[in-house]
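Trainee: Structure here, sequence nowhere to be found:
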């Protein structure tokens, strides 16, 4: 069994933002020389998500509106968590809806994907540098 | 390390529908001859889910009602995504609640499950053929 | 490839409760002698979750309030599932929001975590003994 890991850094400009990281995962897969196995991609932050969906700007706007409705940023006082001095109570909730991680099959040296699957990093408390972990095991 | 993959096809009659695919995963596991490892089962579509829960018709009706409340299909105009000509904006949201994939432990050649765990394919934009990927690695 | 599995038991006093199980996963990892690979941690019950987030009591109270709003326990009659004699229809919904499982990378014999990541068992139909499965594969 071979294994490979890589942490990638992302500069997130906005509080809430989605970035397509598929090519970065493909790059890591290429470096790993693994042909067959499983690839884990996870946010290393607890106010962020890694998820798989469509690379379509309208959909991403829909997600932002929907997540803001399900877990609004304001008023800050609605979250007991914000009593710690944070203002990101909402971000911890949004991340649970969108998920922390994805696991992707590797077959013949490629991400074994359906036609429209793309991997995104979703940030809900951004405006600084963030990290994503890619871990691949296989042969 | 051994690995095995299999794509299964499902004909989904309704827009929203849940199908128990546990026996299909067990079949693939048997074919793989893998006794110990991990099994990934994921939707290959971005308007569908694979999830683990109870095989109880009343619960599935509850899920459908609840998901329709959290992300209604109509009016179509509430989703910017539908401006692309699609009418499945809601389905992309429902899938995020129910999840894309499950990872199941394999021990002694069996799915290592609690008593009531069953694997379902959940479709939110059906009425055509869909694919699920099963990938097993182990020994 | 090596593999290791362990079921841990938890006594849940309340209907809804979150327990930090990170040290139990670290203990299992130590027992496994695996240095590099993947670790699956999943609830063996379908009214419970395993998730990764912050170990902060205020946040956990926020989650409880939020989940109760998204899928209220009462009135029991709002869930068709409760016609089976159960009163846990809500718990099956709460579990889908928080997720069934997490997959964590193992690097150099440690959980490869960001600074604040902690693993929790989340119970939504407690007041009896529950089980969590830890499965580790790697080398």
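Mentor: Sure thing, it's come through. Computed from a predicted model, the values in this text were never measured in an experiment. Residues are numbered from 1 along each chain as shown, chains lettered A, B, ... in the order given.

Trainee: so who does the closest residue to chain B within chain A touch?
Mentor: Of all residues in chain A, the one sitting closest to chain B is residue A:114 (3.0 Å; Cβ to the nearest Cβ). Any C-beta I mention is one placed from the backbone N, CA and C, and that applies to glycine too. Shown in contact with residue A:114 (Cβ atoms under 8 Å, 6 or more residues apart in numbering or on different chains): B:43, B:44, B:45, B:46, B:131, B:133.

Trainee: Most neighbours among these, which one?
Mentor: Taking other Cβ atoms under 10 Å in any protein chain shown as the neighbour criterion, residue B:43 ranks highest of those with 27 neighbours.

Trainee: before we move on, the earlier item: any idea how far the residue of chain A closest to chain B is from chain C?
Mentor: Using Cβ to the nearest Cβ, to the nearest Å, residue A:114 is found at 20 Å from chain C.

Trainee: That residue and residue B:45: what is the separation?
Mentor: Counting by Cβ to Cβ, to the nearest Å, the gap from residue A:114 to residue B:45 is 6 Å.

Trainee: joint contacts of those two?
Mentor: The contact sets of residue A:114 and residue B:45 overlap at residue B:131 (Cβ under 8 Å, 6+ apart).

Trainee: follow-up on the earlier one: looking at the contacts of residue A:114, which are in strands?
Mentor: The strands, defined by DSSP state E, take in B:43, B:131, B:133 from those.

Trainee: which of those residues are close to chain C?
Mentor: Contacts with chain C are made by none of the ones in strands among the contacts of residue A:114, judged by Cβ under 8 Å from any Cβ of the partner chain.

Trainee: Closest one of the residues you listed to chain C?
Mentor: Of the ones in strands among the contacts of residue A:114, the one sitting nearest to chain C (Cβ to the nearest Cβ) turns out to be residue B:43, at 14.8 Å.

Trainee: Name the single longest helix found in chain A.
Mentor: Longest helix in chain A by number of residues (criterion: DSSP state H): helix A:57-70.

Trainee: tell me the two of the contacts of residue A:114 that are most distant?
Mentor: B:46 and B:133 (13.2 Å; Cβ to Cβ).

Trainee: list the buried ones in the longest helix of chain A?
Mentor: Neighbour-count burial for helix A:57-70 flags A:58, A:59, A:60, A:62, A:63, A:64, A:66, A:67, A:70 (criterion: 16 or more other Cβ atoms under 10 Å in any protein chain shown).

Trainee: Could you check the angle the helix or strand following that helix makes with helix B:89-98?
Mentor: Later in the chain than helix A:57-70, the nearest helix or strand by DSSP states H and E is helix A:89-98. Going by axes from the mean of the first three to the mean of the last three Cα atoms, to 10 degrees, helix A:89-98 is angled at 100 degrees with respect to helix B:89-98.

Trainee: what packs against helix A:89-98?
Mentor: Applying 3 or more Cβ pairs under 8 Å, 6 or more residues apart in numbering or on different chains; DSSP states H and E, we find helix A:89-98 packed against strand A:48-53, helix A:57-70, strand A:118-123, helix B:89-98, strand C:48-53, helix C:57-70, helix C:89-98.

Trainee: switch to 6 Å and redo it
Mentor: In terms of contacts (3 or more Cβ pairs under 6 Å, 6 or more residues apart in numbering or on different chains; DSSP states H and E), helix A:89-98 is packed against strand A:48-53, helix C:57-70.

Trainee: Is it possible to get JSON lines of the ones you listed that adds mean pLDDT and distance to chain B?
Mentor: Converted to JSON lines, the helices and strands packed on helix A:89-98 look like this (pLDDT from 0 to 100; distance: least, Cβ to the nearest Cβ, whole Å):
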{"stretch": "strand A:48-53", "mean pLDDT": "98", "distance to chain B": "5"}
{"stretch": "helix C:57-70", "mean pLDDT": "98", "distance to chain B": "8"}
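
Trainee: What separation do you get for the spatially most central residue of chain A and residue A:138?
Mentor: The centroid of chain A falls nearest to residue A:50 when counting by Cα atoms, centre = their mean (1.9 Å). Using Cβ to Cβ, residue A:50 is found at 19 Å from residue A:138.

Trainee: Could you do residue A:61 as well?
Mentor: Remark: distance between residue A:61 and residue A:138 (Cβ to Cβ) = 37 Å.

Trainee: Write out the residues of chain A neighbouring chain B.
Mentor: A:1, A:36-38, A:52-54, A:58-59, A:61-62, A:66, A:98, A:103, A:105, A:107, A:114, A:116, A:139 (Cβ under 6 Å from any Cβ of the partner chain).

Trainee: Beyond the helix or strand containing residue A:102, next helix or strand please.
Mentor: Assessed by DSSP H and E, residue A:102 sits inside strand A:101-107. Later in the chain than strand A:101-107, the nearest helix or strand by DSSP H and E is strand A:110-111.

Trainee: Rounded mean pLDDT for stretch A:88-97, please.
Mentor: Mean pLDDT, stretch A:88-97: 98.

Trainee: One more: stretch A:2-20?
Mentor: Mean pLDDT, stretch A:2-20: 96.

Trainee: so does it get close to chain C?
Mentor: Yes. Stretch A:2-20 reaches chain C (Cβ under 6 Å from any Cβ) through A:3, A:5.

Trainee: Taking chain A, what residue is nearest to chain C?
Mentor: residue A:44 (3.0 Å).

Trainee: Name the nearest residue to that residue, sequence neighbours excluded.
Mentor: Leaving aside its chain neighbours, residue A:44 sits nearest to residue C:114 (3.0 Å; criterion: Cβ to Cβ, 6 or more residues apart in numbering or on different chains).

Trainee: Would you list the phi and psi of that neighbour?
Mentor: Residue C:114 adopts backbone torsions of phi -70, psi 170, taken as degrees, to the nearest 10.

Trainee: No further questions, thank you.
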